[in-house]
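Q: got a predicted structure here, sequence first:
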Amino acid sequence: MTRHPSSSPLSLATTRSLGAWAAAGLCLGVLLALLYHAPATWLAAAVAKLSQNKVQLIDAQGRVWQGSARLLLAPGGQKPVLLPQRLRWTAGMHGLGAKLTLLPECCSSRPALLLWQPGWGGQHIQLTNLDVRLPANLLAGLGTPFNTLGFEGTVALSSPQLKLQTQGQNWQLQGAAQLQLLQISSSLTTLPVLGSYQVAVTGGVNTSVVLSTLSGALQLQGSGGWQNGRFGFAGQAQAAPGYEDSLANILNVIGQRRGAASVFRI
């Protein structure tokens, strides 16, 4: 009679180990396939939850990694604003980090590119080709005094490149951005247009913010920025000659009156 050698304990352990690795590989493959084909509605649900429904992706189509939706913004409990055309996005890996392109069809002529890279104890974020125009009533989400002023008009935000580097609790911004408030009107005055304004942000060791008036009856100016992780800003508003009576009410809301000027601080 021929005797067959029994399996050794080592061979059994090896077989079980290979089986465990094969099962783990299969599960990982299924998970990656599931994530790759995840519907855009999953992203819409996550955005709504994280923003407490202040930002919503309506009628989301496509996948998490490449899709589109209608963008609904509801800042500060104000009347929601639904952008007239779709927001399109693509996302993917970029080295050890990630990249994201965003194109709001109604408000930008080119997609903005966001790159994120993890670092030792920090992270690097780079934003390029930012050029977007949005309705000014979204400023109400910033709180007082914007939620009282009832601004209408256009907000134009642009930057060729911004870089944000964080290290623990410290951060530093490199680059420049420009925010323009164009043809702004307010429910607090009978004037059809208050004016147009510009906020210039310049990065560096101490990031600076400068407010200036481009044109209009309401004259705004101010400066400030971030220093040692804290933000401070001081400015003043004043009526152009001949508009003092028309702008008296809005000057009282913007800040504390000091003669003809209204002084405000953030």
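A: Yep, it's here.

Q: any idea which element the residue nearest to P104 when sequence neighbours are not counted lies in?
A: Of all residues beyond its chain neighbours, the one nearest P104 is L87 (4.9 Å), with distances taken as Cβ to Cβ, 6 or more residues apart in numbering. Just so you know, the C-beta spots here come from the backbone N, C-alpha and C atoms, and that holds for glycine as well. Per DSSP states H and E, L87 falls inside strand 81-94.

Q: what's the mean pLDDT across that strand?
A: Here strand 81-94 scores 88 as its mean pLDDT.

Q: distance between that strand and the chain's centre?
A: Put simply, strand 81-94 sits 12 Å off its chain's centre (Cα atoms, centre = their mean, to the nearest Å).

Q: please enumerate the strands of the stretch 101-250 of the chain.
A: 112-119, 122-135, 152-167, 170-185, 195-204, 208-216, 218-227, 230-239 (DSSP state E, counting those that start in this stretch).

Q: look at P5 and report its pLDDT.
A: The model's pLDDT for P5 equals 52.

Q: quick one on the thing from earlier: how about the strand holding L87: buried residues?
A: If you call a residue buried by 16 or more other Cβ atoms under 10 Å, then strand 81-94 has these buried ones: V81, L83, R86, L87, R88, W89, T90, A91.

Q: cool, stretch 220-236 as well?
A: The neighbour-count check on stretch 220-236 (16+ other Cβ under 10 Å) flags L220, G222, G224, G225, W226, F233, G235, Q236 as buried.

Q: now, which of the residues you listed sits nearest G242?
A: Ranked by distance to G242 (Cβ to Cβ), the buried residues of stretch 220-236 are led by L220 at 17.3 Å.

Q: which residues sit in contact with that closest one?
A: Residues near L220 by Cβ atoms under 8 Å, 6 or more residues apart in numbering: G195, Y197, L211, S212, T213, G235, Q236, A237.

Q: still on that earlier bit, nearest to V55, out of the strands of the stretch 101-250 of the chain?
A: Closest to V55 of those, according to Cβ to Cβ: strand 122-135, at 12.5 Å.

Q: what is the neighbour count of the nearest residue to L188 once chain neighbours are set aside?
A: Distances taken as Cβ to Cβ, 6+ apart put I250 closest to L188, at 4.5 Å, once the chain neighbours are dropped. Per other Cβ atoms under 10 Å, the neighbour tally for I250 reads 22.
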